[in-house]
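**Q** Whatever this is, show me its structure:
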Amino acid sequence: MRLNFRHKAIVLTTLVAVLFLYGNAQDPQEKQDKQQKQEKKDETFETIRVDTDLVSIDVTVKDKSGKRGAAGLRGEDFVIYEDGIRQKITNFSASDVPFNLTLLIDTSGSTTDDLLNIRRAARRFLEELRSEDQIAVVQFNREVDLMQKLTSNRSQIDLALSRFKSGGGTSFYDALNLVLDDVFKEVDGRKAIVALTDGVDSYGFNTFDQILPELEKSGTIVYVLELDTEAYTEARMLRDCTDTNHFEFSEKQLQKYMKDYVVGGKEEDFQKHCSLGRMERMQINQKLYQSAHKELREMTNKTGGRLYQVKDLGKLDPVYSEIAGEIRTQYSLGYYPTNEKHDGKYRTLRVEVKRPGYVGQTRPGYRAPLD
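**A** Model prediction:
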């Protein structure tokens, strides 16, 4: 049977209407199915984002004598243990990956006579780093100055070193805080601080107890060249307050001494340097240096770095050279911990190197996130 044009139009219109109604009837179900699938995808992504946290560690590899590094290692050459449980390594980068490093230089009064040696040694250190490594320069005394942001331009770094100026006081922990907040905050990849200081903090807002967790959280390795300035400082602390070249304990230092070493003492007895006797000044100075050494050692140990005691500023070159060598033989490893709890607890780390005759060194642990 043949249909004329009018009949064809009626049939076509009817068919379109039926399909439209059928489509509308199916749309809510399809939309619901699509929405459920998307919600399931979102839920899966959210679970991954919250319940698993990549742990990144830098590993220094040396032979058992501690004198020679190892190049050319691969991810399968390492084994990571967290709280004694082996972890699966998911991220690996070799030692030729560029490094982000901040030179942190103490220019307080105790280093005034050695600024030339400090500049020369810092420049020598830069020569041992790779051209693509990024360097920042921070000087600190009572004030903290970011002399140069991260750059691979050696001329800019050299200019920053030439602008060092000495001053009274030491805001060491504020300087570390500045590095974390202004230099490394938005920086990915390997990060290290190389600090030249006696570590005896005297000014600023930050304390050791505040800054150490932030350093650990940031994954920044800290190397410290600990200056031997105790005798120099003591001699000037013992001078009469009428002497224009005398040193004084700051309020922050006297409060620290009271908190750490004085039992049942009166706070008013430790408020002014010039009211202290000679023996009291000697004892306070000695204890502050003891505290500084302890804090520097803990800081370097917990961040996977090293503490070097420097007796002679004219002999900084070998120490800087050793640090540069360590940086060149470091590897970055990452894993998702089998313990997915966000309980804020401290977890120990241990790294083994499968290549015979070599050992790996990294930070001793980290603190899990806390929800």
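**Q** residue boundaries of the helices in the stretch 1-150 of the chain?
**A** 5-51, 115-128 (DSSP state H, counting those that start in this stretch).
**Q** What helices and strands are in contact with the shortest one?
**A** Helix 115-128 sits against strand 99-106, helix 154-162, strand 190-197, helix 317-328, with contacts defined as 3 or more C-beta pairs under 8 Å, 6 or more residues apart in numbering; DSSP states H and E. Yep, even glycine has a C-beta here, placed from its N, CA and C like the rest.
**Q** Residue 138 is nearest to which of these?
**A** In this view, the helices and strands packed on helix 115-128 are compared for proximity to residue 138 by C-beta to C-beta, and strand 99-106 is the closest at 5.1 Å.
**Q** Can you list the strands that that closest one pairs with?
**A** Strand 99-106 has the following sheet partners, assigned by DSSP bridges: strand 134-140 (parallel), strand 190-197 (parallel).
**Q** Next, the angle from it to helix 115-128.
**A** Per axes from the mean of the first three to the mean of the last three C-alpha atoms, to 10 degrees, the angle that strand 99-106 makes with helix 115-128 is 170 degrees.
**Q** if we can go back for a sec, compare the helices and strands packed on helix 115-128 and say which comes out lowest on pLDDT.
**A** Of all these, mean pLDDT reaches its minimum on helix 317-328 (a mean of 87).
**Q** quick one: buried residues of it?
**A** For helix 317-328, a neighbour-count test (16 or more other C-beta atoms under 10 Å) marks 319-320, 322-324, 326-328 as buried.
**Q** can you list the domain ranges for this structure.
**A** Per automatic domain parsing, the domain ranges recorded for the chain read 54-94+330-367, 99-328.
**Q** Quick check: which of these is buried the most?
**A** For the domains of the chain, the largest average neighbour count (mean count of other C-beta atoms under 10 Å) is found in domain 99-328, namely a mean of 18.
**Q** sorry, back to before: which of the helices of the stretch 1-150 of the chain comes out lowest on mean pLDDT?
**A** Ranked by mean pLDDT, those bottom out at helix 5-51, with a mean of 47.
**Q** Now do the helices in the stretch 201-350 of the chain.
**A** Under DSSP H, counting those that start in this stretch, the stretch 201-350 of the chain gives helices at 208-218, 230-237, 251-261, 278-303, 317-328.
**Q** now for the longest one, which elements pack on it?
**A** The reference is to helix 278-303. helix 208-218, strand 221-227, helix 230-237, helix 251-261, strand 307-310.
**Q** Same check on the last one?
**A** Contact analysis of helix 317-328 by 3+ C-beta pairs under 8 Å, 6+ apart lists helix 115-128, strand 190-197, strand 221-227, strand 307-310 as its packing neighbours.
**Q** so how far is it from its chain's centroid?
**A** Remark: helix 317-328 is offset 18 Å from the chain centroid, using C-alpha atoms, centre = their mean, to the nearest Å.
**Q** Using CSV, list the CA coordinates for it.
**A** The C-alpha trace of helix 317-328 is given here as CSV (Å, rounded to 0.1, in the frame of the first residue of the first chain):
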residue,chain,number,x,y,z
ASP,A,317,86.2,24.6,52.3
PRO,A,318,86.5,20.9,53.2
VAL,A,319,83.2,20.9,55.1
TYR,A,320,81.3,22.7,52.3
SER,A,321,82.9,20.2,49.8
GLU,A,322,81.6,17.3,51.9
ILE,A,323,78.1,18.7,52.0
ALA,A,324,78.1,19.2,48.2
GLY,A,325,79.3,15.7,47.7
GLU,A,326,76.4,14.4,49.8
ILE,A,327,73.9,16.4,47.9
ARG,A,328,75.2,15.0,44.6
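**Q** Residue 258 and residue 267 touch, don't they?
**A** Yes: the pair residue 258 and residue 267 passes the contact test of C-beta atoms under 8 Å, sitting 6.4 Å apart.
**Q** sorry, back to before: and of the strands paired with strand 99-106, who's closest to residue 219?
**A** strand 190-197 (6.6 Å).
**Q** Any chance you could list what contacts the closest one?
**A** If you take C-beta atoms under 8 Å, 6 or more residues apart in numbering as the criterion, strand 190-197 is touched by 58, 97-106, 118, 122, 125, 170, 172, 175-176, 179, 184, 218-227, 305, 310, 316, 320, 323, 327, 330, 332.
**Q** ditto for stretch 319-326
**A** 60, 62, 69, 121-122, 124-125, 128-129, 194, 223, 225, 306, 308, 310.
**Q** switch to 6 Å and redo it
**A** 60, 121, 125, 128-129, 194, 223, 225, 308 (C-beta atoms under 6 Å, 6 or more residues apart in numbering).
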